[in-house]
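Student: Prediction below, plus the sequence it came from.
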Amino acid sequence: ANVARAALRHFAQIDGGNLVLMGSLLGKIAVPFMSPYVTSKWGVHGLARMLQIEARRSKGVRISLISPGSVDTPAYSQAANYTGWEGRPPPPVDSPDKVAAAIFRAAGRSRSETSVGVANGLVVMGFRVLPGVFDLLVTPLMRFMAMSGKNIAETSGTVFAPAPAGNAQYGKWGRHWLRPLVAASVVAAGSAVAGVVAAHRPSDKQDADVTPPVQLKNVAAQRGRQ
């Protein structure tokens, strides 16, 4: 808020400017295990909307909000973590370059918000339209998709002190880590289909007990001649 206030004072002196705020998909929904981050991003979303309303009276001033979903950055290894499990971005995962391009575009045009992430709209709709179902599913989905199977010690991350050694443009969470998840889903789906087919397939005993129609016709003809 202080940075925004300073920027807006500067914009007033030069008759306009573009202020781009970095929000998140998590500023529109609620998920477990990340309450400080989620709360802060809801605050950024609220700040952006208030500034957009107030800036309508200011000539040439535009306020934009960028709301990315999962991004492949080192944030998951640099953040504080007290869950005991290594965090990872749930799919679909976008590159930092895609988010940077959205920020660049927002600085040059009048658009109140840009969502980065193919599934963002669907997730937000589920949160708002089916809150009961969302609340039921979000915790097991977060355990499965946002936590790896690697145990780690509790850490305060970069909350109280920087960790320059962990800084990088990209994380280790490219699309490659999704392959085992996709393979497991395909195997599970295949097993389910095979189970349904097996349940509806007649057994050998049932096949033996069924007399073919031609045989029945022959028996009836023989009885008629008798």
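Tutor: Cool, the structure landed.
Student: now stretch 113-128: how far from the chain's centre is it?
Tutor: 8 Å (C-alpha atoms, centre = their mean, to the nearest Å).
Student: I'd like the average pLDDT over that stretch.
Tutor: The average pLDDT for stretch 113-128 rounds to 96.
Student: Give me the buried stretch members for it, please.
Tutor: Within stretch 113-128, the residues scored as buried using 16 or more other C-beta atoms under 10 Å are 113-117, 120, 123-124, 126-127. In this view, the C-beta of every residue, glycine as well, is placed from N, C-alpha and C.
Student: now stretch 74-91
Tutor: Across stretch 74-91, burial judged by 16+ other C-beta under 10 Å covers 74-79, 81, 87-91.
Student: same deal with stretch 91-104?
Tutor: 91, 93-95, 99, 102-103.
Student: packing partners for the host helix or strand of Gly132?
Tutor: Assessed by DSSP states H and E, Gly132 sits inside helix 131-145. Where contact means 3 or more C-beta pairs under 8 Å, 6 or more residues apart in numbering; DSSP states H and E, helix 131-145 is packed against helix 120-129.
Student: Okay, angle between the helix it packs on and helix 131-145 too, please.
Tutor: Angle of helix 120-129 versus helix 131-145, following axes from the mean of the first three to the mean of the last three C-alpha atoms, to 10 degrees, is 130 degrees.
Student: okay, helix 120-129 in PDB with CA atoms only?
Tutor: C-alpha atoms of helix 120-129 as PDB (Å, rounded to 0.1, in the frame of the first residue of the first chain):
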ATOM      1  CA  ASN A 120      -7.700 -20.500 -13.000                       C
ATOM      2  CA  GLY A 121     -11.200 -19.600 -14.100                       C
ATOM      3  CA  LEU A 122     -12.500 -23.100 -13.500                       C
ATOM      4  CA  VAL A 123     -11.000 -23.200 -10.000                       C
ATOM      5  CA  VAL A 124     -12.400 -19.900  -9.100                       C
ATOM      6  CA  MET A 125     -15.900 -20.900 -10.400                       C
ATOM      7  CA  GLY A 126     -15.700 -24.100  -8.300                       C
ATOM      8  CA  PHE A 127     -14.800 -22.000  -5.200                       C
ATOM      9  CA  ARG A 128     -17.700 -19.600  -5.700                       C
ATOM     10  CA  VAL A 129     -20.500 -21.800  -7.200                       C
END
